[in-house]
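**Student:** the amino acid sequence is not available; the structure is as follows:
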Ligand SMILES: NC(=O)c1ccc[n+]([C@@H]2O[C@H](COP(=O)([O-])OP(=O)(O)OC[C@H]3O[C@@H](n4cnc5c(N)ncnc54)[C@H](O)[C@@H]3O)[C@@H](O)[C@H]2O)c1
Ligand SMILES: O=C(O)CC[C@@H](O)C(=O)O
């Protein structure tokens, strides 16, 4: 049975799902060293934001097939290292959207009405009503940085509270912003015009310290900023200085440059600052959602099924993947075949999608072809996750072309591999829904199903040659299951494709190439 390590607190609903297919060990609060020490035993790792999955941990995870992040952000996982090792990384892109959006809204209102400090004051025996005169959000301007899933929900709710909305997001359309009632503006305009600013963006090299001293200097003196996205997007020292000097009115933070938040001067500020310990996703509903979402994906991957929200494999939904699966199988088989025909080091792969395939999503087909191409060299080390990266690292140039013209089959795939030993091409198609046919080898028309042991020859089309090959194979006790010849003109060049019941014994290929009229011979194992 597979083994799953759960290294952060995860809702029981997720554990129950994992337990259907695996032995589940729950070990929270491990140090990086402890995690690296025990990870070799596990096929899957399930985490929240508490565990940091570094390159060292990934390298140590020799059995690891999948890392599941019960939440959105995968910034605590070295995704590149996982991709290189062919480990799928999955998350729950929507399970805690509402929780995070509501936390941001709660922070905005709490900050406006000084609720944490007023609460603490009453609980400590006071009845002070003068110190907590707040501000209304009605008719105020809210600047939303990042109009993705969480930002959009914040927009809808804030609109209902009568706020005017500005948004900055260079990757969304004006139409989308209009739909949400937001005016899409440049960052500087948002900084200058907003009474409240809320951040809902990923942490990237562009967004790190997006809110720095310069940005803060552009804000209104009554501005309040909320960050429930990622720590490090705000320069905390610059924020502290601005708050201390009264340059802006307040800040509510859920996430920090370093978590847990250590000895920060922000803690010394009073009612103008609210700090929560990364609670954006901490609702019962969100924890159930993310646990189920990620546990189901871990279960599926351990059962050999695709993951629906993998962050490091072609980003397609399960329906599309299911529809493309037969073509991906075709691409992988042809990639494997053309790689073996080309032999040596392949420098370039042309992937031509023809007929109905030309209108399909090409990325998974190309990835599958590369997986097939690299499978001889990398065996089980190559998979859909790392095929593109492995190809890139090997300097394989991939050229993708499309031709919507329909030929004998509704859709077909043509691959050309150029390498150190020459150039070869293969074409294939699907017969019915999923039966693979090789329809062309080096531009010679054939019509053969792939089989495990195959022999391909390029020869002169002349009497007796087929018989000689048959006898030679017979003398080595190799049984021929099927044979087909493809030629363009009579008595010109031809290819012969043989499916064999047995692998070719060593040395026989040399004998075949010595047969008069044979120009080249290749064995292929699919
Ligand atoms: N505090 C929490 O517990 C908690 C919970 C869930 C999510 N999050 C975090 O909230 C953030 C948003 O999550 P989401 O689910 O809405 O993500 P999302 O991918 O749906 O939305 C992110 C948006 O940011 C935009 N964006 C990217 N780079 C940008 C840039 N440089 N400037 C402006 N916009 C940019 C994208 O176009 C996208 O629309 C993430 O960082 C996520 O990790 C935090
Ligand atoms: O695990 C958590 O509670 C935080 C989740 C949140 O930061 C996320 O990115 O989904």
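**Tutor:** That came through fine. Treat the numbers as computed from the prediction; the structure is a model and nothing was measured. Ligands and ions are numbered 1, 2, ... in the order given.
**Student:** residue 203: neighbour count?
**Tutor:** Residue 203 has 18 neighbouring residues, counting by other C-beta atoms under 10 Å. Every C-beta, even on glycine, is put in place using the N, C-alpha and C of the backbone.
**Student:** against residue 153, how distant is it?
**Tutor:** Here the criterion is C-beta to C-beta, to the nearest Å. By it, residue 203 lies 20 Å from residue 153.
**Student:** and residue 237, what element?
**Tutor:** Taking DSSP states H and E as the criterion, residue 237 maps to helix 236-244.
**Student:** now residue 479. Nearest residue, chain neighbours left out?
**Tutor:** Spatial nearest neighbour of residue 479, excluding adjacent residues (C-beta to C-beta, 6 or more residues apart in numbering): residue 501 at 4.1 Å.
**Student:** run through the residues that contact that neighbour.
**Tutor:** 453, 478-481 (C-beta atoms under 8 Å, 6 or more residues apart in numbering).
**Student:** then residue 488?
**Tutor:** Neighbours of residue 488 in contact, by C-beta under 8 Å, 6+ apart: 443-445.
**Student:** please redo it, this time with the cut-off set to 7 Å
**Tutor:** Contact partners of residue 488, counting by C-beta atoms under 7 Å, 6 or more residues apart in numbering, are residue 444.
**Student:** likewise for residue 301?
**Tutor:** 65-66, 88, 307.
**Student:** partner strands of the following helix or strand past the helix holding residue 237, with direction?
**Tutor:** As assigned by DSSP H and E, the chain's next helix or strand after helix 236-244 is strand 250-253. The strands beside strand 250-253 in its sheet (DSSP bridges) come out as strand 224-227 (parallel), strand 273-275 (parallel).
**Student:** need the max-distance pair from the contacts of residue 301.
**Tutor:** Using C-beta to C-beta, the pair of these lying farthest apart is 65 and 307, separated by 10.3 Å.
**Student:** the two - which one has more neighbours?
**Tutor:** Legend: neighbour count by other C-beta under 10 Å for residue 65 and residue 307, higher for residue 307 (24 against 20).
**Student:** tell me what residue 196 is bridged to.
**Tutor:** residue 142, residue 224.
**Student:** my guess is it contacts residue 105. True?
**Tutor:** No: using C-beta atoms under 7 Å, residue 196 makes no contact with residue 105, being 10.2 Å away.
**Student:** so which strand or helix has residue 109?
**Tutor:** Residue 109 belongs to helix 97-113 when assigned by DSSP H and E.
**Student:** got it, and residue 423?
**Tutor:** Secondary structure from DSSP H and E places residue 423 in strand 422-431.
**Student:** list the buried residues of that strand.
**Tutor:** For strand 422-431, burial by neighbour count (16 or more other C-beta atoms under 10 Å) applies to 423-430.
**Student:** could I get the phi/psi values of the residue of the stretch 351-500 of the chain found nearest ligand 1?
**Tutor:** The nearest approach of the stretch 351-500 of the chain to ligand 1 comes at residue 363, 19.3 Å away (C-beta to the nearest ligand atom). When read as degrees, to the nearest 10, the backbone of residue 363 gives phi -60, psi -50.
**Student:** number of residues surrounding the spatially closest residue to residue 215 that is not a sequence neighbour?
**Tutor:** Take residue 215 and drop its neighbours on the chain: the residue closest to it by C-beta to C-beta, 6+ apart is residue 191, 5.7 Å away. Applying other C-beta under 10 Å, we find 24 other residues in the vicinity of residue 191.
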